[in-house]
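Student: model the structure of this input:
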Amino acid sequence: MTIALKVPQVASSDNWLVDVIKQVNHSAISENQIATRTSQNSLCVLCKGSRNLCGKTRCPIMVKVNSFLKSVPLMSSEDIAGVSPPSVFIGRIGYPHVYVGPLVPPVHEDTSLYDLPEQWFGKSIDEIVGFRSLLVRGKHRVHVQEFAQAGKIMDQTRELALADTSVDMELNLTKKPRGSIFLSDDVQPFGPSAPIRDLHVGNARFDHRVEKAYYDTDLKSAQAVVDLYNRGVMVTKIQKAFSVGAFGIEKKRRLVPTRWSITAVDDMISKSLVEQVKTFPEVNEYRVYESIYLDNVFEILMIPAQWSYESMEAWYPGTVWNPNGNSVAIYSDWEGHNGRTTYAQIGGCYYSARLAVCEQLVKERRQATVIVLREARPGYIMPIGVWQVRENVRNAMRQKPYQFKNLTESLKFISGRFEIPLSQWIIQGKLLRNALFQKRISDFFSVSTAA
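Tutor: Modelled structure (predicted):
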């Protein structure tokens, strides 16, 4: 069988990927159901998935191809029946007119794990890409401020986002779903998609806590988010409901693209936790918490001082945010005791990590200056979402910390865990430099007492 591929703006040297796909005879696939695309300077067309020219330990494109090929038989029809985790996706391209719709795997069993990052820690990249590749995405164009009048498709998508457990669904598409394999590191894995003709959502069981917030049209969205978190609703479930405009003053409700909603919810919750943290006494010792997952090494330093926070990330050449560099790139952002008013340059990871460390400090009823250090090594071959930062740091907080008498001992320990020299972290880190080189008033008192 001949597989027809629509390949926009792809040079002939990209045929290696087409050939890989053609090697598998899938009668279910039809013309225009696969798209491939590469950036102009991509090494992929030279490497062909086998020479590791990017410096990664494995080819992320081949991981995507292998998962995609497993989903191909599920793309043979315009009608998809299955169990949604439940899951929805709100796009951001074309904002304020965005694509909205459910994510439905053609699987008839409990699929809650497919979109529940709180339970993904410890799973391999292949498993996670596999979850995402099976989620068929239905698309329906909606204006973010006019979704209340958008009709049945939007109404049922919102019902799905508010559901507490997996939901039976029938998704009728205008054409067979189309999958995409992008030769780019900044595109997260996702399954095939197509415009929606109709959909039918089975009986959805709502979480009464989320449902109550949805019907309270006088409750501000930030307060709804914090209240739900305090009542034990998982962050991921809050994010889904927030994205479909389920919270806030009735006239101000709007859709929020999924990527933005994740960061917004992490930010709102962690801000609330920070206000609690600042009322507690300081920790008594220097602490280092550690977590290693998917070749991301996290070392979290807690310093006995009033609340302030810094997040630093080091990316090796060939990794997601340093694809063409010749040396390690370190990015950082920070806030003092009074917080920050601008968006963190390192993005959503800043807020995810802040949420996780504040959870631990609130649990202990303590405050500290916290510095999160992340070394992303070549084994982290593709982006899989900021959830892994939150869950990595949460995992670190569950471990017994290493305790030290002073900052020097703490940093010596961290230096032994990282491959990147400590001096590079110090040059980049605002709070780290302050801790090393600025004395506090209490330091002078201790010197006077000793004398």
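Student: relative to V129, how far out is the nearest residue to G82 once chain neighbours are set aside?
Tutor: Nearest non-adjacent residue to G82, counting by CB to CB, 6 or more residues apart in numbering: P106, 4.5 Å away. For glycine as for every other residue, the C-beta is placed from the backbone atoms N, C-alpha and C. As judged by CB to CB, to the nearest Å, P106 and V129 stand 17 Å apart.
Student: so the residue nearest to G82, which of the three states?
Tutor: Classification of P106 using DSSP: H, G, I helix; E, B strand; the rest coil returns coil.
Student: what does it show for phi and psi?
Tutor: Dihedral pair for P106: phi -70, psi 60, per degrees, to the nearest 10.
Student: let's have the chain start at 50 instead
Tutor: Happy to do that; since the first residue is 50 now, the last one works out to P155.
Student: distance of it from V337?
Tutor: For P155 relative to V337 (CB to CB), the value is 46 Å.
Student: how about V406?
Tutor: 12 Å.
Student: Q473 too?
Tutor: In terms of CB to CB, Q473 sits 18 Å off from V337.
Student: looking at those two, which has the bigger crowd around it?
Tutor: More neighbours surround V337 than the other of Q473 and V337, with 21 against 15 (other CB atoms under 10 Å).
Student: my guess is E208 meets R254, correct?
Tutor: No - the criterion here is CB atoms under 8 Å, and E208 misses it with R254 at 10.8 Å.
Student: between those two, who's got more neighbours?
Tutor: E208 (17 against 13).
Student: just list what the helix or strand containing that one packs against, helices and strands only.
Tutor: Per DSSP states H and E, E208 falls inside helix 201-211. Judged by 3 or more CB pairs under 8 Å, 6 or more residues apart in numbering; DSSP states H and E, the packing partners of helix 201-211 are strand 137-139, strand 146-153, strand 185-192, strand 242-250, helix 257-264, helix 284-292.
Student: try it again with 10 Å
Tutor: Where contact means 3 or more CB pairs under 10 Å, 6 or more residues apart in numbering; DSSP states H and E, helix 201-211 is packed against strand 137-139, strand 146-153, strand 185-192, strand 216-222, strand 242-250, helix 257-264, helix 284-292.
Student: next up, the contacts around H189.
Tutor: By CB atoms under 10 Å, 6 or more residues apart in numbering, the residues touching H189 are 147-151, 199-203, 206, 244-246, 248.
Student: among those, which ones are buried?
Tutor: Taking 16 or more other CB atoms under 10 Å as the criterion, what is buried in the contacts of H189 is 147-151, 199, 202-203, 206, 245, 248.
Student: returning to what we had before: what is in contact with V406 and V337 at once?
Tutor: 349, 351, 420, 445.
Student: and these, which of them are in helices?
Tutor: Those of those mapping onto helices are A445, per DSSP state H.
Student: list the buried residues in stretch 464-473.
Tutor: Going by 16+ other CB under 10 Å, stretch 464-473 has these buried residues: 467, 469.
Student: for the record, mean pLDDT for it?
Tutor: For stretch 464-473, mean pLDDT rounds to 94.
Student: okay, now that stretch: how far is its last residue from its first?
Tutor: 11 Å (CA to CA, to the nearest Å).
Student: now that stretch: how far from the chain's centre is it?
Tutor: Distance, stretch centre to chain centre, for stretch 464-473: 26 Å (CA atoms, centre = their mean, to the nearest Å).
Student: ok, and what's touching it?
Tutor: Taking CB under 10 Å, 6+ apart as the rule, stretch 464-473 contacts 337, 339, 341, 346-348, 361, 363, 365, 376-377, 379, 422-424, 426, 451, 460-461, 463, 474, 476, 481.
Student: looking at this protein, which helix or strand does the model trust least?
Tutor: helix 490-499 (a mean of 45; mean pLDDT, DSSP states H and E).
Student: so which two of the contacts of H189 are the farthest from each other?
Tutor: For the contacts of H189, with distances taken as CB to CB, the pair at the greatest spread is V147 and R246 (18.8 Å).
Student: show me the strands in the stretch 400-500 of the chain, by range?
Tutor: Using DSSP state E, counting those that start in this stretch, the strands found in the stretch 400-500 of the chain span residues 418-425, 451-453.
Student: can you say which of those is packed in most?
Tutor: Stretch with highest mean neighbour count among the strands of the stretch 400-500 of the chain: strand 418-425 (a mean of 25; mean count of other CB atoms under 10 Å).
Student: with that, I have no additional questions.
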